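**Student:** no FASTA, just this:
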């Protein structure tokens, strides 16, 4: 079920909301949100509910162990075992086919035909996200950053919370622990207007901007060899805005839904296309993932504490794995490597770069990000190379179909992404004209949903 | 002291908008499908119902257009024509009083070609066949190929020893050979509620379900969206389903003709001849076992008929070209009466170029009244030949006995 779908808006959300606020007790509310989380998840594939339940129970038990024991050996088991289980599940469902395919290609390149056969494995939606939820919980418990909960349903509620279940943000337990603890004391009215404001803006960003851009660029990018240079740039600029408005729209909706239930979900995007440099970009883009990678991978690897070479190694490992997290494909790894190189390059030229005017740095950073999206968007390196060649070597040709509409959409998207305020920076107290304009755009989004335009969020596949 | 600026809460406006959209959707659902359908098929079809179409239903639309123009979202290719479609009390496409003179002599079974929703009732295949043969023809075509349904309708509407005219289009894979079909829709509902004596509720539930499953608001929203997705403002994502090719009608007059994209591919990969032959043997066994005669009518695809006449022509020899003629030869050799329209239609299509006429609608997959007339002629001839052979065959043993 999608947030941007009629069954969600007409059925799931009102029922979940009304029952939640009818229930008074902490336990009842945790149980109810757990049940609705599993029901929400079951709409994709009920079979994978058991997988999520298994991962949840393993992490919960490990948390109890970490709470009870001070013995380092036992604590290490409580750390290693659940993380191994989580990563094994993630590895099997997400990366097994990729590993087999890579081994086959490598074998044939070396003249050793392996012909390994990978079973057809369906990727459970959201596995990358709830696996990160459980892993961060275990590591934080091990580090004693948090006190693991004894309340099973508080934990199941945290892992399966429908608003963040399938595409994040990756909420750490400590970020939501207080709201979960006091879930029976929330004021229903407090988050109502704020929640709907976030939700409406998210829906507009997703349905009216991201999906409309996608309607023009997807047919064009399906045949990258036919594109002219201008069309290729327009299409990739379109994709840059599509993925931003799609994912940040989803995050806004998730935050808004959280507010409706009294839960504060942290900010995931901070106007990333206004970033001045690669480091700044990663402080603003998919914040919940980049901070996880920083805290649970980059810093444990040594961070920037060692030599320049060690720092470069740590950075590249983090970015390569960050790329791979997005999908089981070498193009995602290349995207991670590209950003890793940007970060390393920035470290080398930082004084020179920082001396440039802010507008130049912003513009240049945005173009560098757009070029990186070529790897992210392309299904393979041949397509990526073709697209890059078209973008950087002049190809004459006609404008893509709907090019004028795309240009207008890009102007709007660009104005919002580069010049507009971030959703978190808004006060969400609207003058009547602004409120009516948002409502009209929201109504238009509903019309688009009725027309069958609802499409899954891009980050669901990760 | 300055007055604070008024504030409006999205906490009221957004939920109210959702509620209003829901209410508007609910309020429009009781509308009949006909109110928002562009042709009879969508308005009358009842998947899972007791009959294939709404019973005792009349659909009138002065501005109907072809399925291909609709499927490809190509408003400029529409051939606007009036449509009048009627069904009998069982939900089959027959005008009232078809069986007033008693059971039919011929029962027509087949695809949407036989349903004939695109042409006036008087031009549809059953009417043309009735005029040519002087027989009562009952149209049991539903677009589905479910033999138990055919035999059930035949028992009700066809006289003993009557003829089952089995129309079969080229673009159809041989259906499954299922002698018994699992009940679905209303039938399944009745079966499950019979024990608790609530079966009568099913007939009421089914029309209600049609309204629950169908949102006129969604149709209107889709129309709005399709206007924008016209290939200029936004790309037309539907256009790939349909292929538009130029047809030179007569000196200096050319017209675009639409084809189903799948049909232009299918001609490279015809269905299994063996599978089709086995299917018709099985059908003959069942039909003759029930005391009726079987005549098969093979209808070629529009693309197979016209592909050599397009500008530029597609004259590559393809395996699909021989599919229907080979199937007809095979069935004929096995003693199954068959009329294959391939050669007749290709010839008529070529002839029509000079006079600027076609035998298929230009914006639809189906034949027009001219095409149906040719089919009726071919079927009448096949029926007469078959009758002649049958009489000869019946006479032969008697003469030997003498």
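**Tutor:** Looks like it arrived, so ask away. Remember, predicted model here, so these are calculated numbers, not experimental data.

**Student:** chain A contacts on chain B?
**Tutor:** When proximity is defined by Cβ under 8 Å from any Cβ of the partner chain, chain B lies next to chain A at B:5-15, B:17-18, B:21-22, B:25, B:215, B:217-218, B:220-222, B:224-225, B:229, B:231-237. Placement of C-beta: from N, CA and C, glycine included.

**Student:** could you rerun that using 7 Å?
**Tutor:** Applying Cβ under 7 Å from any Cβ of the partner chain, we find that chain B lies next to chain A at B:5-11, B:13-15, B:17-18, B:21-22, B:217-218, B:221-222, B:224-225, B:231, B:233-235, B:237.

**Student:** show me these that map onto helices.
**Tutor:** Using DSSP state H, the members of the residues of chain B next to chain A that fall within helices are B:10-11, B:13-15, B:17-18, B:21-22, B:217-218, B:221-222, B:224-225.

**Student:** neighbour-wise, which one of those residues leads?
**Tutor:** residue B:10 (28 neighbours; other Cβ atoms under 10 Å in any protein chain shown).

**Student:** which residues does that residue contact?
**Tutor:** Counting by Cβ atoms under 7 Å, 6 or more residues apart in numbering or on different chains, residue B:10 makes contact with A:193, A:196-197, A:200, A:430, A:435, A:438.

**Student:** can you point out the buried residues in the longest helix anywhere in chain B?
**Tutor:** Secondary structure assigned by DSSP H gives helix B:369-401 as the longest helix of chain B. By 16 or more other Cβ atoms under 10 Å in any protein chain shown, the buried positions in helix B:369-401 come out as B:369-380, B:382-383, B:386.

**Student:** counting contacts, what elements does it pack onto?
**Tutor:** Here helix B:369-401 touches helix B:125-133, strand B:293-299, strand B:338-340, helix B:342-355, going by 3 or more Cβ pairs under 7 Å, 6 or more residues apart in numbering or on different chains; DSSP states H and E.

**Student:** just the angle between that helix and helix B:125-133, please?
**Tutor:** Put simply, helix B:369-401 runs at 50 degrees to helix B:125-133, going by axes from the mean of the first three to the mean of the last three Cα atoms, to 10 degrees.

**Student:** just how off-centre is helix B:369-401 within its chain?
**Tutor:** Here the centre of helix B:369-401 is set off from its chain's centre by 26 Å, with Cα atoms, centre = their mean, to the nearest Å.

**Student:** what about it, average pLDDT?
**Tutor:** The average pLDDT for helix B:369-401 rounds to 78.

**Student:** leaving out sequence neighbours, find the closest residue to the most centrally placed residue in chain B.
**Tutor:** Against the mean C-alpha coordinate of chain B, by Cα atoms, centre = their mean, the closest residue is residue B:112 at 1.0 Å. Using Cβ to Cβ, 6 or more residues apart in numbering or on different chains and skipping residues adjacent in sequence, the residue nearest residue B:112 is residue B:143, 5.0 Å away.

**Student:** what are the phi and psi angles of the one you found?
**Tutor:** Residue B:143 adopts backbone torsions of phi 90, psi -20, taken as degrees, to the nearest 10.

**Student:** so which of the contacts of residue B:10 also contact chain B?
**Tutor:** Within the contacts of residue B:10, those near chain B by Cβ under 7 Å from any Cβ are A:193, A:196-197, A:200, A:430, A:435, A:438.

**Student:** got the contact list for the host helix or strand of residue B:277?
**Tutor:** Assigned by DSSP states H and E, residue B:277 falls within helix B:273-289. Helix B:273-289 is contacted from outside by B:147, B:151, B:164, B:166, B:174-175, B:177, B:294, B:296, B:323, B:326-327, B:330-331, B:334, B:336, using Cβ under 7 Å, 6+ apart.

**Student:** quick one: contacts for the residue located most distally from the centre of chain A?
**Tutor:** Most distant from the centre of chain A: residue A:111, at 39.2 Å, with distances by Cα atoms, centre = their mean. Listed by Cβ under 7 Å, 6+ apart, residue A:111 has no contact partners.

**Student:** quick one on the thing from earlier: lowest average confidence across the helices and strands packed on helix B:369-401, which one?
**Tutor:** Lowest mean pLDDT of these: helix B:342-355, a mean of 89.

**Student:** so which residues make contact with stretch A:112-122?
**Tutor:** For stretch A:112-122, contacts defined as Cβ under 7 Å, 6+ apart pick out A:93, A:96-97, A:100-101, A:103-104, A:107.

**Student:** ok, now stretch B:297-317?
**Tutor:** By Cβ under 7 Å, 6+ apart, stretch B:297-317 touches B:113, B:165-171, B:245-248, B:254, B:257, B:259, B:263-264, B:267, B:320-321, B:324, B:327-328, B:338-342, B:345-346, B:349-350, B:353, B:360, B:365, B:375, B:379.

**Student:** hmm, which of the residues you listed are the buried ones?
**Tutor:** B:113, B:165-171, B:245, B:247, B:257, B:259, B:263-264, B:267, B:320-321, B:324, B:327-328, B:338-342, B:345-346, B:349, B:353, B:360, B:365, B:375, B:379.

**Student:** contacting residues around residue A:262?
**Tutor:** Counting by Cβ under 7 Å, 6+ apart, residue A:262 touches A:179, A:183, A:186, A:190-191.

**Student:** confirm that it sits in a helix.
**Tutor:** No. Using DSSP: H, G, I helix; E, B strand; the rest coil, the assignment for residue A:262 is coil, not a helix.

**Student:** any idea how far chain B is from it?
**Tutor:** Separation of residue A:262 from chain B (Cβ to the nearest Cβ, to the nearest Å): 14 Å.

**Student:** mind checking how far that residue is from residue A:389?
**Tutor:** According to Cβ to Cβ, to the nearest Å, residue A:262 and residue A:389 sit 52 Å apart.

**Student:** still on that earlier bit, for the contacts of residue B:10, give me CSV that also has neighbour count and secondary structure.
**Tutor:** Shown next, in CSV, are these (neighbours: other Cβ atoms under 10 Å in any protein chain shown; DSSP: H, G, I helix; E, B strand; the rest coil):
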residue, neighbour count, secondary structure
A:193, 21, helix
A:196, 26, helix
A:197, 26, helix
A:200, 27, helix
A:430, 21, strand
A:435, 22, helix
A:438, 22, helix
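
**Student:** so where is the chain shaky, pLDDT-wise?
**Tutor:** All of this is about chain A. A:453-462 (pLDDT under 70).

**Student:** wrong one, chain B
**Tutor:** B:1-7, B:180-181, B:183, B:250-252, B:319-320, B:393, B:396-402.

**Student:** specify the strand with the largest residue count in it.
**Tutor:** Assignment by DSSP state E gives strand B:158-169 as the longest strand of chain B.

**Student:** which secondary structure elements does it sit against?
**Tutor:** Short answer (3+ Cβ pairs under 7 Å, 6+ apart): strand B:158-169 packs on strand B:104-109, helix B:112-115, strand B:293-299.

**Student:** would you map the helices across the stretch 101-250 of chain A?
**Tutor:** A:127-142, A:152-160, A:173-181, A:192-203, A:211-221, A:229-260 (DSSP state H, counting those that start in this stretch).

**Student:** do the stretch 301-450 of chain A as well
**Tutor:** A:308-326, A:330-354, A:358-377, A:381-392, A:403-414, A:432-450.

**Student:** and which of the buried residues of helix B:369-401 is nearest residue A:251?
**Tutor:** Of all the buried residues of helix B:369-401, residue B:371 has the smallest distance to residue A:251: 57.0 Å, by Cβ to Cβ.

**Student:** ok, the closest residue to the closest one other than its chain neighbours - how many residues close by?
**Tutor:** Nearest residue to residue B:371, sequence neighbours excluded (Cβ to Cβ, 6+ apart): residue B:359, at 3.6 Å. Neighbours of residue B:359 under the rule other Cβ under 10 Å: 24.
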